[in-house]
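Engineer: 3D, please:
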Amino acid sequence: LEIDPGLASAHYSLGRALAQKGESAQAIKEYKEAVKRDGKMAVAYYDMGNAYFELGQDREAVEQYRQAVKISPGYAAAYYNMGNALSKLGEIDNAIEQYRAAIKHDARYAEAYTNLGNALEARGEMEEAVRQYRRAVEVNPRYAPGHYNLGNALLKRKELEPAIEAYRRAIGIDAKNVEARTNLASALNAAKKPEEAVEEYREVLKIDSRYAPARFNLGLLLGERGEVEEAMEQFHKVIEVVPGDADAHYQLGRLLARAGRVEEAAGEFRAALKIEPRHAPARQSLERLPEQLEKNATTP
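Structural biologist: I've put the predicted structure just below:
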């Protein structure tokens with residue numbers, strides 16, 4: 001692409017094209033050329049911040065967003081993305097300030113309300129976080145992440161029926177959201193609706209058969225219901241997907257022990273301890289197995 005080397009907009013457009021191709025480092029070079037020629041081009045600073053963010057250079061991203069809002073104080077998206085970068089840096093108080101600035105300049109910015117809620121929750125301000133999640137879905141009822149995060153916060157507060165409603169709304173918008181479906185199943189189980197929970201976990205696995213969290217929780221629930229063989233099958237499948245999941249080995253060991261298959265149970269407890277040597281439940285369970293089992297395991 002040939003461009004007029006003195007034309008800021010041409011360098012900016014080339015930067016955008018490179019960024020869309022995933023070439024963030026090259027895009028940054030073009031954005032720098034753009035702002036060198038036009039120091040008031042707020043959008044170039046903004047997109048440069050986005051490119052740095054994509055590269056994981058969060059501190060540099062913050063500096064570019066700051067330049068963007070210095071030039072254009074009403075630039076809501078720049079405040080919002082600055083908040084995201086600051087959150088990644090662990091600067092929660094500063095992130096909250098930027099999310100509030102984004103909302104000040106765009107009162108219908110659902111993403112900003114949601115991430116403000118996340119930041120407040122990280123600071124332990126759960127009631128205010130819930131308020132922000134509710135605001136997100138008020139300004140945009142079709143914003144699935146707002147409903148999902150609201151559901152998560154309500155579940156943590158043990159407000160089960162409102163949490164279930166929030167998850168259902170998220171799923172109504174995004175039917176293939178496996179995280180929302182999995183958490184809905186957890187809320188249903190906590191609300192003493194195990195049949196509905198099992199059905200929801202199975203729906204998740206129809207969408208993504210390799211989604212281990214849902215399969216793990218389904219295994220736990222089936223085990224609690226006495227469906228030991230199917231529960232064991234679920235944990236075997238979790239281990240196929242995530243061989244390093246010590247908890248899955250431990251839970252499978254517990255089920256095998258219940259079924260009287262003590263040698264296999266011991267093998268699973270040992271597998272859990274090999275992965276996570278400080279896994280106290282696995283160690284305690286192994287020690288509770290018959291002493292003869294241990295002798296058999298060490299006999300050539």
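Engineer: Can you measure across stretch 233-247, start residue to end residue?
Structural biologist: 15 Å (Cα to Cα, to the nearest Å).
Engineer: Let me know the average pLDDT across it.
Structural biologist: If you average the pLDDT over stretch 233-247, you get 98.
Engineer: Name the residues that touch it?
Structural biologist: Contacts to stretch 233-247, defined as Cβ atoms under 8 Å, 6 or more residues apart in numbering, come from residues 210, 212, 215-216, 218-219, 222, 248-249, 251-252, 255, 271-273, 275-276, 279, 282. All C-beta spots, glycine's among them, are computed from the backbone N, C-alpha and C.
Engineer: Report the buried members of these.
Structural biologist: Buried subset of the contacts of stretch 233-247 (neighbour count, 16 or more other Cβ atoms under 10 Å): 212, 215-216, 218-219, 222, 248-249, 251-252, 255, 271-273, 275-276, 279, 282.
Engineer: Nearest to the spatial middle of the chain, which residue is it?
Structural biologist: With distances taken as Cα atoms, centre = their mean, Glu179 lies nearest the centre of the chain, 8.3 Å away.
Engineer: my read: that one touches Asn149, true?
Structural biologist: No - here Glu179 does not reach Asn149: they are 10.5 Å apart, not a contact under Cβ atoms under 8 Å.
Engineer: for this structure, which spans come out with low pLDDT?
Structural biologist: Along the chain, the parts satisfying pLDDT under 70 run over 1-6, 291-300.
Engineer: and Glu138, what element?
Structural biologist: helix 126-139 (DSSP states H and E).
Engineer: Residues in contact with the next helix or strand after that helix: which ones?
Structural biologist: The first helix or strand that comes after helix 126-139 along the chain, using DSSP H and E, is helix 144-156. With Cβ under 8 Å, 6+ apart as the test, helix 144-156 has contacts from 110-111, 113-114, 117-118, 121, 126, 129-130, 133-134, 136-137, 140, 160, 162-164, 166-167, 169-170, 173-174, 177, 179-180, 183-184, 186-187, 190.
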